[in-house]
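1. Mind folding the following:
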Amino acid sequence: MKETFNQLVAGCDEVGRGCLAGPVVAAAVILPLQYYYFLLKDSKKLTPKQRIEIAAIIKKEAIDWAIGCATPEEIDQVNISNATHLAMHRAINKLIVKPELLLIDGNKFLPYPNIEHECIVKGDKKVNSIAAASIIDKVYRDEYMQELAEREPGYNWEINMGYPTKEHYQAIYELGMSFHHRKSFSLVAKHLQPSL
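-> Here you go, the predicted structure:
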């Protein structure tokens, strides 16, 4: 992907929105103007190994980058949409370099104070800085869920990363909800009871 932005832009992306467990994680990445790396693309089109390798390159070559999270408890309190905005704001807060424009993956965003933003549907496929953010947040969250799986075995988080799977639902029924499950998600509560 090649870009023609002449402003200092930060691409913002989130991961974990549709999960049953774990945080929603966002990344904000500022790349050099006209930055190009041939393997930089939507994280979903990369293998886990590629994501890890490219995330390391991005972190080294980016002007600035940061991660922000919203916990399952916060998701339950404010809903997943607002928690996603909260995670993005936290990532932007951590940037040392202040961007002139925020490029947001998706079609909704809670405005960040004193910085203009533009929402871009499927931005991780169209904009380098958003693609970079999608790789960094995915690698961070996967590693977090793998570590969590060691402390909370039985839910297969090291494989499903907290997303809905048949095995994950079965584990919820057998083991109950953990502290890391999103209690407000009806899909979680539904599987506390056996199917008839």
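
2. next helix or strand past the longest helix seen in the chain?
-> Ranked by residue count and defined by DSSP state H, the top helix of the chain is helix 128-151. Once the chain leaves helix 128-151, the next helix or strand it forms, by DSSP states H and E, is helix 157-160.

3. And the average pLDDT for that next one is what?
-> Averaging pLDDT along helix 157-160 yields 97.

4. Flag every buried residue along it.
-> Using 16 or more other C-beta atoms under 10 Å as the test for burial, helix 157-160 gives 157, 160. All C-beta atoms are positioned from the backbone trio N, CA, C, and that covers glycine.

5. One more: stretch 51-68?
-> Here stretch 51-68 shows 51, 54-55, 58, 62-68 as buried, counting by 16+ other C-beta under 10 Å.

6. CA atoms of that stretch as CSV?
-> Taking Å, rounded to 0.1, in the frame of the first residue of the first chain, the C-alpha atoms of stretch 51-68 are listed here in CSV:
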residue,chain,number,x,y,z
ARG,A,51,2.9,-10.9,12.3
ILE,A,52,5.5,-11.3,15.0
GLU,A,53,8.4,-10.5,12.6
ILE,A,54,6.7,-7.5,11.0
ALA,A,55,5.6,-6.1,14.4
ALA,A,56,9.2,-6.0,15.4
ILE,A,57,10.1,-4.1,12.2
ILE,A,58,7.3,-1.7,12.7
LYS,A,59,8.2,-0.9,16.3
LYS,A,60,11.8,-0.2,15.2
GLU,A,61,11.0,1.9,12.1
ALA,A,62,7.8,3.8,13.3
ILE,A,63,8.1,7.4,14.5
ASP,A,64,6.0,6.3,17.5
TRP,A,65,3.6,3.6,18.5
ALA,A,66,1.5,2.7,21.6
ILE,A,67,-0.9,0.1,22.9
GLY,A,68,-4.1,0.7,24.9
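
7. just use 39 as the starting number from now, easier for me
-> Okay, residue one is now 39; in that scheme the one you just asked about reads as stretch 89-106.

8. What mean pLDDT does that stretch get?
-> 96.

9. same thing with stretch 153-166?
-> 94.

10. which outside residues touch that stretch?
-> When contacts are defined by C-beta atoms under 8 Å, 6 or more residues apart in numbering, stretch 153-166 is touched by residues 39-41, 49, 51, 69, 73-75, 78-82, 130, 136-147, 149, 168-169, 171-172.
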